[in-house]
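J.: turn this into a model:
(chains A and B)
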Amino acid sequence: MNDLNPQLLKNGEAVGLESVQILDFDEFSLGLLAEVRKQGRVAACFAVPVTGEGGELELFALVARDRNACVAVYRTRIGERFSSLTPNCPQMHLFEREIAEQYGVVPQGHPWLKPLRFHRSWRTGVDAWGRPTDQHPRIGEMEFYRVDGEGVHEVAVGPVHAGIIEPGHFRFQCHGEKVMHLEISLGYQHRDIERMLQGGPHPATMSQMETIAGDTSIGHGLAYCQVIEALSGCEVPARAQSIRALALELERLANHLGDIGALAGDVGFLPTFSYCGRLRGDYLNLTAALCGSRFGRGLVRPGGVLFDLDPALAGEMLARLKAVQGNTLGAMELFFDSPSVSGRFEGRGRLSRSVAEDLGLVGVAAKACAVPRDSRFFHPTGVYRHLFDDLITEETGDAMARARMRSREISVSIELIRRILNDLPDDPVRAPIGPLKGEALAIGMVEGWRGEVFHAGLTDGAGRLRRYKIVDPSFHNWMGLAMAMRDEQISDFPLCNKSFNLSYCGFDL
Amino acid sequence: MLQIIRERWRQGFKTGKFPKEEPILPPRFRGLPNFSEDCPSGCGKACETRCPFSACRQVDGRLVLDLGRCLFCADCPACPHGRITFGRDYRLAVRKREDLLYSGGEYPLAQPLEPARLKLFGRSLKLRQVSAGGCNGCEADCNVLGTLVFDLGRFGIQFVASPRHADGLLLTGPVTENMRGAVLDTYEAMPAPKIVIATGACGINGGPFLHSSEVSRGDDPVLPVDLYIPGCPPHPYTILDGLLRLLGRR
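T.: Numbering: from 1, shown residues only, chains lettered A, B, ... in the order given. Prediction:
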């Protein structure tokens, strides 16, 4: 299938739509399947109504070719029904369900065609499941997978969980204590973010990007800015790139460390639990020293950043980093040196490399299964082009591997921050943003702490956003958790869940 | 075992002195807004349309900023004359929705609960937290109150797993269509008397998602609220300060 020659796009680049060939559907599907066989990865797939034509949809699939540092763009048109690619490409599973729900079209032959977020179709009067279109669908109303037989029972959890956790519904099919199947049904946090961007960017857009998933404010904010900068041809100054990377690594540190603490808490190992809870705050406070917000709200803006660092603040941050580093490493060492802790994590929630690859997992969850996935390494922007070469992977694919991934990434991030703070380029922190290019497609990929944050923006003739696609790493990875629970004890669910620590709102949008 | 004890010694004692001592917040922290002077005549009420979250209004030449809608944006676009800046006062919780309409001067900080409920909850308050479309920012800043820096437990306040055990509901998020039922069910499941705490701009008035058709918070109160804690998200000390004021402990 090499004769297809799809349009290639680098991270942070835009391309005019006129140069993206519209394939017929068979070419599209054969090309995409061949791409995935050659280690391609479906980073995003979305539909968009064809401008000015009654009801027809265009389908875009953006396939990451990690080793070539680019994304291949596949484009075709679909009608009310199209044949599902999921049976031959499990990575398409959720994307096709999403398209069916958003536009009321049916991917025929989809083996698991259920609603994803439980909202009305975006095209009036059509629904992929034939539900009444004049009312909001009821959340969770669908056929759950069900196992029957002697000694088989079902456990339903959520939407409201026992702690301070976002809402989601988990349904387990168990035989005794053993989980045969877990179905995860989300949508409770659905705020309709993608649709609110249509016709944008609007004045409210940046705040909405920072709250797609509040714990990834920097990650999503950055991905959005990269799309806007690509569409307007803006060159972000080097100093701004450094400060962005600094904030992204601080976000990673705070969350990874918080996760290790929470994992310790889940198995009752209180020393690391208490130290990490506090140390996480120390990293959040470093972000607050930079921009006033512990989550980095207000730092990243199209064109650069809103806050600069003077040498005094950079020095203060270095000193504070040094002070917390010792305690961070100490707290983590306790965790990994205690046999009573490792005994609980080793072998739990194991995923094989091939499952991780088939599902298209990203970030920590993929890297823990020896699948190399890191946008900082494969699709670098800014300072990552020359500062980052530590692509870490683990072999065992279990909860322990996911914990180790985090602790090793923490060490790398601390070192990165030190190098960034010691070598801040001397130029402005923001460049002006011009009007957006019309009829164009742009992408932004950022390695957030959970994994790849992927945004794609498509403009109309007037340079307004016609369609905006957001893919949080959790969108790929929730299926990984469901698979990791197979044959596990149901009592180990909290521990496995925490080892993934996925976002509900990032998935629900 | 020795390693655990050694590490414990090295990590030191970190619980904060709050509320005896005021917390030190970073210089760039954005808290209670300052208005530099009265609105210039003939400015055309620009702020009313410039704030994307409709937080500003002009009443008789005075700027009224609705802190229930304000996201404390670093690049607040509202006033073209730059009259709005944010100060470092983190204390923002109030008891009534209209108390969030701020036009400078003294801020009506939350008063304690009325005697009947104060007697019940003053020394032991159990809260059920429900996230209803929240971005996990407010949730994270509630969770952090349980860490040893804030140590919420020492004030007799605790987050509990079941609404049946709860005296109050701490609500975050703009109440999405898909969570509306669960929020109401949780509220129903709590024994009376009970309290409701709306935390964060979303929980108070929809926050950044105010204009979404999937969100019901907007001007629809959903539940009767006893304490409003503004911010996007509120600083953990803002939440803690609000809780303590509600219980008459500050």
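J.: okay, now the unreliable bits of the stretch 1-150 of chain A?
T.: Within the stretch 1-150 of chain A, the segments meeting pLDDT under 70 span A:1-3, A:53-54.
J.: looking at it, which residue is nearest chain B?
T.: Using CB to the nearest CB, the single residue of the stretch 1-150 of chain A nearest to chain B is residue A:139, 4.2 Å away. Bear in mind the C-beta positions are built from the backbone N, C-alpha and C, glycine included.
J.: off-centre distance for the helix or strand encompassing residue A:478?
T.: Here residue A:478 sits within helix A:473-484, counting by DSSP states H and E. Relative to its parent chain, helix A:473-484 has a centroid offset of 11 Å by CA atoms, centre = their mean, to the nearest Å.
J.: same question for stretch A:62-69.
T.: So, by CA atoms, centre = their mean, the centroid of stretch A:62-69 is 16 Å from its chain's centroid.
J.: list the contacts of the lengthiest helix in chain B.
T.: In chain B, ranked by residue count with DSSP state H as the criterion, the top helix is helix B:177-189. Here helix B:177-189 makes contact (CB atoms under 8 Å, 6 or more residues apart in numbering or on different chains) with A:117-119, A:136, A:139, A:159-160, A:167, A:187-190, B:128, B:130-133, B:163-164, B:169, B:171, B:173, B:175, B:194, B:196, B:214-216, B:222-223.
J.: try 6 Å this time
T.: A:118, A:136, A:139, A:159-160, A:187-188, A:190, B:130, B:132-133, B:163, B:169, B:175, B:214, B:216, B:223 (CB atoms under 6 Å, 6 or more residues apart in numbering or on different chains).
J.: sorry, back to before: the helix holding residue A:478 near chain B at all?
T.: No: using CB under 6 Å from any CB of the partner chain, helix A:473-484 stays clear of chain B, with a minimum separation of 11.0 Å.
J.: let me see the mean pLDDT of that helix.
T.: Mean pLDDT, computed over helix A:473-484, is 96.
J.: and it, what other elements does it pack with?
T.: Helix A:473-484 sits against strand A:178-185, helix A:353-359, helix A:363-367, helix A:504-508, with contacts defined as 3 or more CB pairs under 6 Å, 6 or more residues apart in numbering or on different chains; DSSP states H and E.
J.: am I right that residue A:393 sits in a strand?
T.: No: using DSSP: H, G, I helix; E, B strand; the rest coil, the assignment for residue A:393 is coil, not a strand.
J.: now residue 194, what are its backbone angles?
T.: Let's take chain A. When quoted as degrees, to the nearest 10, the phi and psi of residue A:194 stand at phi -60, psi -40.
J.: biggest helix in chain A by residues?
T.: Assigned via DSSP H, chain A shows its longest helix as helix A:238-266.
J.: what packs against the next helix or strand after that one?
T.: Note on helix A:238-266: by DSSP H and E, the next helix or strand toward the C-terminus is helix A:270-291. Judged by 3+ CB pairs under 6 Å, 6+ apart, helix A:270-291 is in contact with helix A:238-266, helix A:311-337.
J.: centre of the chain to whichever helix or strand comes after helix A:270-291, how far?
T.: Next along the chain after helix A:270-291, taking DSSP H and E as the criterion, comes strand A:300-301. How far strand A:300-301 lies from its chain's middle: 19 Å, per CA atoms, centre = their mean.
J.: strands paired with strand A:300-301, and their directions?
T.: If you go by DSSP bridges, strand A:300-301 pairs up with strand A:304-305 (antiparallel).
J.: give me the contacts around the partner strand.
T.: So strand A:304-305 is in contact with A:236-237, A:240, A:243, A:299, A:429-431, going by CB under 6 Å, 6+ apart.
J.: what mean pLDDT does that strand have?
T.: On average, strand A:304-305 scores 96.
J.: burial count for residue A:209?
T.: 26 (other CB atoms under 10 Å in any protein chain shown).
J.: so it sits in a strand?
T.: No: going by three-state DSSP, the assignment for residue A:209 is helix, not a strand.
J.: can you tell me the element the nearest residue to it once chain neighbours are set aside falls in?
T.: Computed as CB to CB, 6 or more residues apart in numbering or on different chains, the closest residue to residue A:209 that is not its neighbour in sequence is residue A:224, at 4.2 Å. In the assignment (DSSP H and E), residue A:224 maps to helix A:217-232.
J.: quick one: that helix to chain centroid distance?
T.: Computed by CA atoms, centre = their mean, the chain-centroid distance of helix A:217-232 equals 14 Å.
J.: what ranges does the stretch 1-150 of chain A have for its strands?
T.: Along the stretch 1-150 of chain A, the segments classed as strands by DSSP state E, counting those that start in this stretch run A:7-9, A:14-16, A:41-49, A:57-65, A:70-78, A:81-83, A:106-108.
J.: return the residues in contact with residue A:402.
T.: By CB under 6 Å, 6+ apart, the neighbours of residue A:402 are A:364, A:368, A:499.
J.: for it, phi and psi?
T.: Torsion angles at residue A:402 (phi, psi; degrees, to the nearest 10) stand at phi -70, psi -40.
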